[in-house]
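> I would like the atomic coordinates for the input below:
(2 chains)
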Amino acid sequence: MESKEHIEIINQMINKTKEQLRPFSLNLIFWGALVSVMSIIYFNVLHLFETDMHHIIFWTIIPFFGTIFMTNYNIKMGRKIGYETHLSRTIKIIWSTFGIAWVFIILLSSLQGFAGGTIQFLILFTSAICLLISGILIKYLPVTLGGISILLILTLSALIPEISYTYVNLFCLNLGFTIPGLFLYFHRSDE
Amino acid sequence: MDKMLFNIIRLKVMSTLISVDTCDFNYLLKVTESTKGNLSIQLKKLGEAKYINVKKCFENNYPKTRYKITSKGVRLFEKFFSDIQILKEN
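Numbers count the residues shown, from 1 in each chain, chains lettered A, B, ... in the order given. So this is what the prediction gives:
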């Protein structure tokens, strides 16, 4: 076999490996939609919550089951695809770190007695940073803009303290997660 | 020139593993368009020469093997690639 054929084989093999970003897009859509629905429910049944523990339970139990559901989905997709690229591994590490950060924010906030707004700010801020890094890594502008839009909304909410948490959550989750997720889902679906 | 990578299946395996972090046997079978037996032999040779790491595990009670290129494998693959490029230019 000639050296030209060797190079051709190497090129062919490398080109066969495509970045699989559909699972990542579905993760964004799922979390964007879930937390948006949770926010709407939360602010409509807020009067039923009597202690801080009720709020903490609401914001931990549902995301906990969401995490189990999505982890199961991600494992199944990983098996189906059969390979993991360096980029998808990096994205996985970033969002696993966010998951750990989220647990610590909830845990430390309950110990420190932080207000709901502070917890919400910390979680959204951390997610915005993760979105920014993910968007830059996968070189996909809507995801990067999603992270920037969450940071802008958080800045606005700090300047307008009377703004409702529901609106902050809904805008952040939909602009940061659901919409970029949908863009990514349809953009990459042809690969 | 590295004799190990002159074999077409081994070259295909190494080219695939250089572009992914890890992958399983079925994926390698698909991309190399080889037979199970031949691929197993070539993977065993690559594993013995420490070009790749082989990790065996169980998923849903079924044995599953995952493959990952080693740093030695990366180094030798890069050298092989630069050697064939020089050869092509000459």
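> and chain B, which residues reach chain A?
Proximity of chain B to chain A (CB under 8 Å from any CB of the partner chain) is limited to residues B:6, B:8, B:11-12, B:15-16, B:18-24, B:26-27, B:30-31, B:59, B:81, B:84-85, B:87-88. For every residue, glycine as well, the C-beta is placed using N, CA and C.
> For those, which ChimeraX command selects only the ones that are buried?
Only the buried entries of the residues of chain B next to chain A go into this ChimeraX selection, using 16 or more other CB atoms under 10 Å in any protein chain shown:
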select /B:11,12,15,16,18,19,20,21,22,23,24,27,31,81,84
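> what's the closest non-adjacent residue to residue 14?
Answering for chain A, as no chain was given. Distance criterion CB to CB, 6 or more residues apart in numbering or on different chains; nearest residue to A:I14, sequence neighbours excluded, is B:S19 at 4.7 Å.
> oops, I was thinking of chain B
B:F77 (5.1 Å).
> Contact partners for that neighbour?
Contact partners of B:F77, counting by CB atoms under 8 Å, 6 or more residues apart in numbering or on different chains, are B:L5, B:M14, B:S15, B:I18, B:Y51, B:I69.
> Low-confidence stretches in chain A?
Applying pLDDT under 70 to chain A flags residues A:1, A:47, A:188-191.
> Spell out which parts of chain A neighbour chain B.
Within chain A, the residues that sit near chain B (CB under 8 Å from any CB) are A:1, A:3-4, A:6-7, A:9-10, A:12-14, A:16-17, A:79, A:81-86, A:88-89.
> same thing but at 7 Å, please
A:3-4, A:6-7, A:9-10, A:13-14, A:16-17, A:79, A:82-86, A:89 (CB under 7 Å from any CB of the partner chain).
> Out of those residues, list just those in helices.
Within the residues of chain A next to chain B, residues falling in helices by DSSP state H are A:S3, A:K4, A:H6, A:I7, A:I9, A:I10, A:M13, A:I14, A:K16, A:R79, A:H86, A:R89.
> any chance of these in CSV, with neighbour count too?
Shown next, in CSV, are these (neighbours: other CB atoms under 10 Å in any protein chain shown):
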residue, neighbour count
A:S3, 17
A:K4, 11
A:H6, 23
A:I7, 15
A:I9, 15
A:I10, 22
A:M13, 20
A:I14, 13
A:K16, 16
A:R79, 13
A:H86, 12
A:R89, 13
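> Columns distance to A:F177 on top of those residues, output as CSV?
Shown next, in CSV, are those (distance: CB to CB, whole Å):
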residue, distance to A:F177
A:S3, 48
A:K4, 47
A:H6, 45
A:I7, 42
A:I9, 41
A:I10, 38
A:M13, 35
A:I14, 32
A:K16, 31
A:R79, 25
A:H86, 24
A:R89, 21
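> Measure how the longest helix anywhere in chain B sits relative to helix A:3-16, angle-wise.
Across chain B, the longest stretch assigned as helix under DSSP H is helix B:71-89. For helix B:71-89 against helix A:3-16, the angle by axes from the mean of the first three to the mean of the last three CA atoms, to 10 degrees is 130 degrees.
> distance between helix B:71-89 and the chain's centre?
When distances are taken as CA atoms, centre = their mean, to the nearest Å, helix B:71-89 is centred 14 Å away from the chain's centroid.
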